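Trainee: only geometry, no sequence info:
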């Protein structure tokens, strides 16, 4: 196969997007780190997705494989404008540059890499099937409007795939299309600027797949004035509509019109997404609102963090008619609070939030931030931008309980450590199962009964008699 160096580099960069890194099963990991070349395509796959790119140069000969990452490193310093030959034989594949007097390249460079059986790499499957083997749904969307907002939502999905449903984004396809993600502590949702009239369908896509799709789409420039000497990513398939073929268990995203060069097959996550609408307050119920500058808010939270670390990461936020948002925390060292200006609506309120989740949100948002709450026991809703704006991400942070006083009976125990009345129990104390507390109580009762048994009393009397005799 003869191909331009830059074109091969760009193709391998696309394939590397689906390479699994650090997978526990060595044989599976090996298969995902190879690109298959043949039958007119470059393709790669992992358990969640597979992609293929139509490449005319790959039409000749039997299919072979190239170790993706190794080839990228080899080609890193080769002249991108020169041609190269790729020759495969059993167990190896040779990359050899072609001399080009026009570019003043007289010599040739070559390297030999491992070539495994193409059959070891998972195949790219065709059209997915709908329910009961019915035809799949085919829709066309604006790729910019559909894919670009999704990574910001995916950040709120659970990073662990132990609970697959919460590791993905729920897409409610309709008018408008809505994207939702949650990790159990936070929830984010957004109405995308995409409307699919007459469509009513829900799919769950892995957060990892979302990031790959968005990265592939962003790599493409706008169509006008494409430099003919630019890389393959620039000329292969400029931004065009995104074609989605959605089945019961899989989806194919085609970048451009039907039959375009790049296709990505995605395995959908099966299962039932949490009933997220049940915890989202109605808009008219959010009677407590405060709008602040995000950067000022971020600095004020960071000033308070050291105190919040000692109290289960709890921050106290309060606002009222004085036009101030107060951020406070308590610790054994004392109480700390700071205030910033706020545009306040509704009666005063005080809520408790986890400072880690709040800082994560503030790190990604600037400009105006609006906090809205129904009451202290309900989630706090945050959104970025004008209050009457559309299309921004709404984030719910689950509430935390306020400081709990130490029970009076605990203070009477001489061996107990004295604590201030408003001390907060540690996370371990707060989360101790009732069964463990009951076991501890039973054990304590047994110890007291053992200390007051007749045998123990007789032993104490004998010991006192011996002491008197010795005197």
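Mentor: Done, it's in. Computed from a prediction, not measured in an experiment: that's the story for all the values here.

Trainee: so who does residue 373 touch?
Mentor: Residues counted as contacts of residue 373 (C-beta atoms under 8 Å, 6 or more residues apart in numbering) are 286, 288-289, 349, 351, 379-381. The way it works is simple: take the backbone N, C-alpha and C, and place the C-beta from them, glycine included.

Trainee: okay, the residue nearest to it when sequence neighbours are not counted: pLDDT?
Mentor: Spatially, and ignoring its direct neighbours in sequence, residue 373 is nearest to residue 288 (4.6 Å; C-beta to C-beta, 6 or more residues apart in numbering). pLDDT recorded at residue 288 is 96.

Trainee: give me the number of residues near residue 288?
Mentor: Applying other C-beta atoms under 10 Å, we find 23 residues neighbouring residue 288.

Trainee: does it really touch residue 349, like I thought?
Mentor: Yes. The pair residue 288 / residue 349 is scored as a contact, 4.1 Å apart, by C-beta atoms under 8 Å.

Trainee: shared neighbours of the two, which are they?
Mentor: In contact with both residue 288 and residue 349: 319, 373, 375, using C-beta under 8 Å, 6+ apart.

Trainee: hey, where'd the helices end up in the chain?
Mentor: Secondary structure of the chain (DSSP state H): helices located at 5-16, 26-32, 68-75, 143-147, 150-154, 207-218, 232-236, 294-308, 355-363, 408-411, 427-430, 434-451, 454-470.

Trainee: strands of the stretch 151-300 of the chain, start to end?
Mentor: With DSSP state E, counting those that start in this stretch, the ranges of strands along the stretch 151-300 of the chain come out as 168-173, 178-182, 186-191, 201-206, 242-246, 250-255, 262-267, 288-293.

Trainee: domain assignment for the protein?
Mentor: Split into domains by automatic domain parsing, the chain comes to 2-120, 131-222+235-274, 279-397, 433-471.

Trainee: and the last one, what's its mean pLDDT?
Mentor: Just to be clear, that refers to domain 433-471. Rounded mean pLDDT across domain 433-471 is 48.

Trainee: mind checking how far the residue nearest to residue 255 when sequence neighbours are not counted is from residue 394?
Mentor: Using C-beta to C-beta, 6+ apart and skipping the chain neighbours, the partner closest in space to residue 255 is residue 262 (4.2 Å). In this view, residue 262 and residue 394 are 32 Å apart by C-beta to C-beta, to the nearest Å.

Trainee: what count of nearby residues applies to residue 271?
Mentor: Residue 271: 11 surrounding residues under other C-beta under 10 Å.

Trainee: scratch that, residue 96 is what I was asking about
Mentor: 13.

Trainee: quickly list what it is bridged to.
Mentor: residue 85, residue 110 (DSSP bridges).

Trainee: my guess is it contacts residue 110, does it?
Mentor: Yes. Contact criterion C-beta under 8 Å: residue 96 and residue 110 qualify, at 3.9 Å.

Trainee: before we move on, back to that, need the strands of the stretch 151-300 of the chain in TSV (columns: distance to residue 69).
Mentor: Listed next are the strands of the stretch 151-300 of the chain as TSV, based on distance: least, C-beta to C-beta, whole Å:
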stretch	distance to residue 69
strand 168-173	27
strand 178-182	30
strand 186-191	33
strand 201-206	22
strand 242-246	28
strand 250-255	23
strand 262-267	20
strand 288-293	44
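
Trainee: so which of those strands gets nearest residue 16?
Mentor: strand 262-267 (13.9 Å; C-beta to C-beta).

Trainee: strands of the stretch 1-150 of the chain, start to end?
Mentor: With strands called from DSSP E, counting those that start in this stretch, the stretch 1-150 of the chain shows them at 2-4, 34-38, 41-45, 49-54, 64-67, 83-89, 91-97, 110-115, 137-141.

Trainee: what's the first-to-last distance across stretch 163-179?
Mentor: Stretch 163-179 has an end-to-end distance of 18 Å (C-alpha to C-alpha, to the nearest Å).

Trainee: got the contact list for residue 119?
Mentor: Per C-beta under 8 Å, 6+ apart, neighbours of residue 119: none.

Trainee: ignore the last one, residue 11
Mentor: 35, 42, 53, 55, 232.

Trainee: now those residues: which count as buried?
Mentor: 35, 42, 53, 55, 232 (16 or more other C-beta atoms under 10 Å).

Trainee: next up, the contacts around residue 372.
Mentor: 281, 286, 288-289, 380-383.

Trainee: and it, how far from residue 291?
Mentor: Taken as C-beta to C-beta, the span from residue 372 to residue 291 is 9 Å.

Trainee: ok, now residue 32?
Mentor: Distance from residue 32 to residue 291, by C-beta to C-beta: 47 Å.

Trainee: what of residue 59?
Mentor: In terms of C-beta to C-beta, residue 59 sits 59 Å off from residue 291.
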